[in-house]
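Trainee: Dropping the sequence and predicted coords here.
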Amino acid sequence: SQQGEEDPQALSIQEGENATMNCSYKTSINNLQWYRQNSGRGLVHLILIRSNEREKHSGRLRVTLDTSKKSSSLLITASRAADTASYFCATDPNTGTASKLTFGTGTRLQVTL
Amino acid sequence: DGGITQSPKYLFRKEGQNVTLSCEQNLNHDAMYWYRQDPGQGLRLIYYSQIVNDFQKGDIAEGYSVSREKKESFPLTVTSAQKNPTAFYLCASSMQTGNTGELFFGEGSRLTVL
(Lines give C-alpha, C1' and ligand atoms only; values in the text may rest on other atoms or scores of the structure.)
Protein backbone atom coordinates (compact mmCIF):
# COMPACT_ATOMS: atom_id res chain seq x y z
CA SER A 1 0.00 0.00 0.00
CA GLN A 2 1.18 3.53 -0.71
CA GLN A 3 2.06 5.34 2.47
CA GLY A 4 3.45 8.62 1.19
CA GLU A 5 1.78 10.97 -1.26
CA GLU A 6 3.87 13.68 -2.88
CA ASP A 7 2.59 17.06 -3.93
CA PRO A 8 2.75 18.44 -6.56
CA GLN A 9 2.84 15.60 -9.06
CA ALA A 10 4.88 17.76 -11.42
CA LEU A 11 6.87 20.96 -11.00
CA SER A 12 8.60 23.10 -13.62
CA ILE A 13 10.99 25.87 -12.61
CA GLN A 14 13.88 27.85 -14.04
CA GLU A 15 17.48 27.32 -13.10
CA GLY A 16 18.39 29.24 -9.96
CA GLU A 17 14.91 29.08 -8.45
CA ASN A 18 14.01 27.02 -5.40
CA ALA A 19 11.91 23.88 -5.64
CA THR A 20 9.65 22.66 -2.84
CA MET A 21 8.03 19.24 -2.75
CA ASN A 22 5.72 17.94 -0.07
CA CYS A 23 4.98 14.49 1.25
CA SER A 24 2.06 13.39 3.42
CA TYR A 25 1.72 10.02 5.09
CA LYS A 26 -0.86 8.18 7.13
CA THR A 27 0.70 6.17 9.98
CA SER A 28 3.39 6.81 12.56
CA ILE A 29 6.92 6.39 11.32
CA ASN A 30 10.46 5.66 12.49
CA ASN A 31 11.97 7.77 9.74
CA LEU A 32 11.22 9.37 6.42
CA GLN A 33 13.60 9.36 3.46
CA TRP A 34 13.84 11.21 0.17
CA TYR A 35 15.16 9.67 -3.02
CA ARG A 36 15.90 10.95 -6.50
CA GLN A 37 15.39 9.02 -9.73
CA ASN A 38 16.73 10.13 -13.07
CA SER A 39 14.72 8.88 -16.03
CA GLY A 40 15.18 5.15 -16.59
CA ARG A 41 17.64 4.78 -13.72
CA GLY A 42 17.66 3.45 -10.19
CA LEU A 43 16.84 5.54 -7.13
CA VAL A 44 19.50 7.42 -5.22
CA HIS A 45 19.16 8.18 -1.53
CA LEU A 46 19.23 11.89 -0.70
CA ILE A 47 18.48 12.31 2.98
CA LEU A 48 16.94 10.54 5.98
CA ILE A 49 15.13 12.34 8.78
CA ARG A 50 14.18 10.53 11.97
CA SER A 51 10.84 10.94 13.71
CA ASN A 52 12.43 12.91 16.55
CA GLU A 53 14.05 15.41 14.17
CA ARG A 54 12.33 18.49 12.74
CA GLU A 55 14.79 19.72 10.13
CA LYS A 56 17.85 18.44 8.34
CA HIS A 57 20.22 19.92 5.78
CA SER A 58 22.50 18.38 3.18
CA GLY A 59 24.18 20.73 0.75
CA ARG A 60 21.40 22.49 -1.22
CA LEU A 61 18.75 20.22 0.31
CA ARG A 62 16.61 21.07 3.31
CA VAL A 63 14.10 18.60 4.68
CA THR A 64 11.52 19.31 7.34
CA LEU A 65 9.30 16.85 9.19
CA ASP A 66 6.08 17.63 11.06
CA THR A 67 4.92 14.44 12.76
CA SER A 68 1.79 16.13 14.15
CA LYS A 69 0.65 16.84 10.59
CA LYS A 70 2.22 13.66 9.19
CA SER A 71 3.99 15.64 6.50
CA SER A 72 7.46 16.42 5.21
CA SER A 73 8.88 18.85 2.70
CA LEU A 74 11.99 18.79 0.54
CA LEU A 75 13.47 22.11 -0.52
CA ILE A 76 16.11 22.28 -3.23
CA THR A 77 17.73 25.70 -3.30
CA ALA A 78 19.36 27.35 -6.34
CA SER A 79 18.21 24.56 -8.64
CA ARG A 80 20.27 23.38 -11.59
CA ALA A 81 19.34 21.61 -14.80
CA ALA A 82 21.00 18.49 -13.36
CA ASP A 83 18.33 18.46 -10.60
CA THR A 84 15.76 17.44 -13.23
CA ALA A 85 14.46 14.10 -11.95
CA SER A 86 11.62 12.48 -10.04
CA TYR A 87 11.72 12.79 -6.27
CA PHE A 88 10.14 10.23 -3.96
CA CYS A 89 9.51 10.19 -0.26
CA ALA A 90 9.64 6.85 1.53
CA THR A 91 8.40 6.10 5.02
CA ASP A 92 9.57 3.50 7.46
CA PRO A 93 6.40 2.71 9.41
CA ASN A 94 6.56 2.23 13.16
CA THR A 95 4.90 -1.18 13.29
CA GLY A 96 7.00 -2.68 16.06
CA THR A 97 8.08 -5.46 13.70
CA ALA A 98 10.72 -5.77 11.03
CA SER A 99 9.92 -2.88 8.80
CA LYS A 100 10.16 -1.98 5.15
CA LEU A 101 10.04 1.26 3.27
CA THR A 102 6.93 2.26 1.38
CA PHE A 103 7.21 4.82 -1.40
CA GLY A 104 4.98 7.58 -2.65
CA THR A 105 4.15 8.27 -6.29
CA GLY A 106 6.77 10.97 -6.72
CA THR A 107 7.14 14.57 -7.90
CA ARG A 108 8.57 15.10 -11.39
CA LEU A 109 10.83 18.14 -11.31
CA GLN A 110 11.84 19.88 -14.53
CA VAL A 111 14.52 22.58 -14.28
CA THR A 112 14.92 24.64 -17.43
CA LEU A 113 17.79 26.91 -18.42
CA ASP B 1 33.55 -0.41 -6.38
CA GLY B 2 30.72 -1.53 -4.10
CA GLY B 3 27.20 -1.54 -5.37
CA ILE B 4 24.26 -3.45 -6.73
CA THR B 5 24.25 -4.98 -10.18
CA GLN B 6 21.05 -5.90 -11.96
CA SER B 7 20.91 -7.84 -15.19
CA PRO B 8 19.71 -7.81 -17.84
CA LYS B 9 18.90 -4.13 -18.28
CA TYR B 10 16.27 -4.90 -20.93
CA LEU B 11 14.38 -8.16 -21.31
CA PHE B 12 11.65 -9.26 -23.66
CA ARG B 13 9.43 -12.20 -22.89
CA LYS B 14 6.71 -14.02 -24.69
CA GLU B 15 3.49 -14.69 -22.85
CA GLY B 16 3.61 -17.92 -20.89
CA GLN B 17 7.35 -17.82 -20.26
CA ASN B 18 9.09 -17.50 -16.93
CA VAL B 19 12.01 -15.08 -16.72
CA THR B 20 14.59 -14.54 -13.99
CA LEU B 21 16.08 -11.16 -13.14
CA SER B 22 19.47 -11.16 -11.48
CA CYS B 23 20.47 -8.97 -8.53
CA GLU B 24 23.95 -9.12 -6.99
CA GLN B 25 25.41 -6.88 -4.28
CA ASN B 26 28.92 -6.61 -2.87
CA LEU B 27 28.01 -4.23 -0.05
CA ASN B 28 27.80 -7.03 2.54
CA HIS B 29 24.22 -5.98 3.27
CA ASP B 30 21.89 -8.38 5.07
CA ALA B 31 18.60 -7.09 3.65
CA MET B 32 17.58 -7.14 0.00
CA TYR B 33 14.39 -6.04 -1.74
CA TRP B 34 12.58 -6.22 -5.06
CA TYR B 35 10.32 -3.40 -6.16
CA ARG B 36 8.14 -2.96 -9.21
CA GLN B 37 7.63 0.46 -10.82
CA ASP B 38 4.95 1.21 -13.39
CA PRO B 39 4.94 4.41 -15.52
CA GLY B 40 4.24 7.48 -13.43
CA GLN B 41 3.89 5.37 -10.31
CA GLY B 42 5.78 4.89 -7.11
CA LEU B 43 7.52 1.69 -6.11
CA ARG B 44 5.61 -1.34 -4.89
CA LEU B 45 7.33 -4.02 -2.86
CA ILE B 46 7.32 -7.52 -4.31
CA TYR B 47 9.53 -9.52 -1.92
CA TYR B 48 12.17 -8.81 0.65
CA SER B 49 14.78 -10.84 2.50
CA GLN B 50 16.47 -9.96 5.74
CA ILE B 51 18.75 -12.95 6.00
CA VAL B 52 20.02 -15.81 3.86
CA ASN B 53 17.50 -18.60 3.26
CA ASP B 54 14.60 -16.45 4.43
CA PHE B 55 12.29 -14.06 2.59
CA GLN B 56 8.86 -12.49 2.99
CA LYS B 57 6.12 -11.45 0.60
CA GLY B 58 5.62 -7.79 -0.03
CA ASP B 59 2.47 -6.06 -1.22
CA ILE B 60 2.34 -7.60 -4.72
CA ALA B 61 4.01 -11.04 -4.49
CA GLU B 62 1.49 -12.97 -6.60
CA GLY B 63 3.07 -14.28 -9.80
CA TYR B 64 6.64 -13.79 -8.54
CA SER B 65 9.14 -16.00 -6.74
CA VAL B 66 12.55 -15.37 -5.16
CA SER B 67 15.39 -17.24 -3.52
CA ARG B 68 18.15 -16.14 -1.16
CA GLU B 69 20.75 -18.90 -1.15
CA LYS B 70 23.68 -16.49 -0.85
CA LYS B 71 23.98 -13.21 1.00
CA GLU B 72 25.03 -11.34 -2.12
CA SER B 73 22.37 -12.68 -4.49
CA PHE B 74 18.58 -12.25 -4.60
CA PRO B 75 17.15 -13.32 -7.99
CA LEU B 76 13.54 -12.63 -8.93
CA THR B 77 11.54 -14.94 -11.18
CA VAL B 78 8.56 -13.47 -12.99
CA THR B 79 6.33 -16.44 -13.64
CA SER B 80 3.68 -16.97 -16.28
CA ALA B 81 1.12 -16.52 -13.51
CA GLN B 82 1.92 -12.80 -13.31
CA LYS B 83 -0.87 -11.29 -15.36
CA ASN B 84 0.72 -7.94 -16.19
CA PRO B 85 4.49 -8.32 -15.92
CA THR B 86 5.57 -5.45 -18.19
CA ALA B 87 7.26 -3.03 -15.79
CA PHE B 88 10.53 -1.63 -14.48
CA TYR B 89 12.00 -3.82 -11.74
CA LEU B 90 14.34 -2.43 -9.10
CA CYS B 91 16.48 -4.35 -6.65
CA ALA B 92 17.76 -2.72 -3.48
CA SER B 93 19.71 -3.58 -0.37
CA SER B 94 20.17 -2.11 3.07
CA MET B 95 22.52 -2.66 5.96
CA GLN B 96 19.89 -2.53 8.66
CA THR B 97 17.19 -5.12 9.06
CA GLY B 98 15.26 -3.51 11.91
CA ASN B 99 14.47 0.16 11.52
CA THR B 100 15.12 0.57 7.83
CA GLY B 101 18.04 2.78 6.91
CA GLU B 102 19.15 3.94 3.52
CA LEU B 103 18.36 1.74 0.53
CA PHE B 104 20.93 1.26 -2.21
CA PHE B 105 19.39 0.59 -5.61
CA GLY B 106 20.53 -1.09 -8.77
CA GLU B 107 19.96 0.48 -12.17
CA GLY B 108 16.86 -1.57 -12.84
CA SER B 109 15.66 -4.15 -15.34
CA ARG B 110 12.94 -3.26 -17.84
CA LEU B 111 10.77 -6.25 -18.72
CA THR B 112 8.48 -6.15 -21.73
CA VAL B 113 6.02 -8.90 -22.55
CA LEU B 114 5.43 -9.28 -26.27
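Mentor: Structure received. Remember, predicted model here, so these are calculated numbers, not experimental data.
Trainee: Quick one: low-confidence residue ranges for the chain.
Mentor: Picking chain A for this. Scanning chain A for pLDDT under 70 picks out the ranges A:1-3, A:95-99.
Trainee: oops, I was thinking of chain B
Mentor: Answering for chain B: the residues below the bar, that is pLDDT under 70, span B:1, B:96-100.
Trainee: try 80 this time
Mentor: Counting by pLDDT under 80, chain B shows low-confidence ranges at B:1-2, B:40, B:96-101.
Trainee: In it, what residue lies closest to chain A?
Mentor: Among the residues of chain B, B:F105 lies nearest to chain A; the distance is 3.7 Å by Cβ to the nearest Cβ. (Each C-beta comes from the backbone N, C-alpha and C, glycine too.)
Trainee: List the residues that contact the spatially closest residue to that residue that is not a sequence neighbour.
Mentor: Counting by Cβ to Cβ, 6 or more residues apart in numbering or on different chains, the nearest residue to B:F105 once its immediate chain neighbours are dropped is A:G42, at 3.7 Å. Neighbour list for A:G42: B:I4, B:Q6, B:L90, B:F105, B:G106, B:E107, B:G108 [criterion: Cβ atoms under 8 Å, 6 or more residues apart in numbering or on different chains].
Trainee: And for A:W34?
Mentor: Counting by Cβ under 8 Å, 6+ apart, A:W34 makes contact with A:C23, A:H45, A:L46, A:I47, A:L61, A:V63, A:S72, A:L74, A:Y87, A:F88, A:C89, A:A90.
Trainee: Compute the distance between it and B:I51, please.
Mentor: A:W34 sits 28 Å away from B:I51, going by Cβ to Cβ, to the nearest Å.
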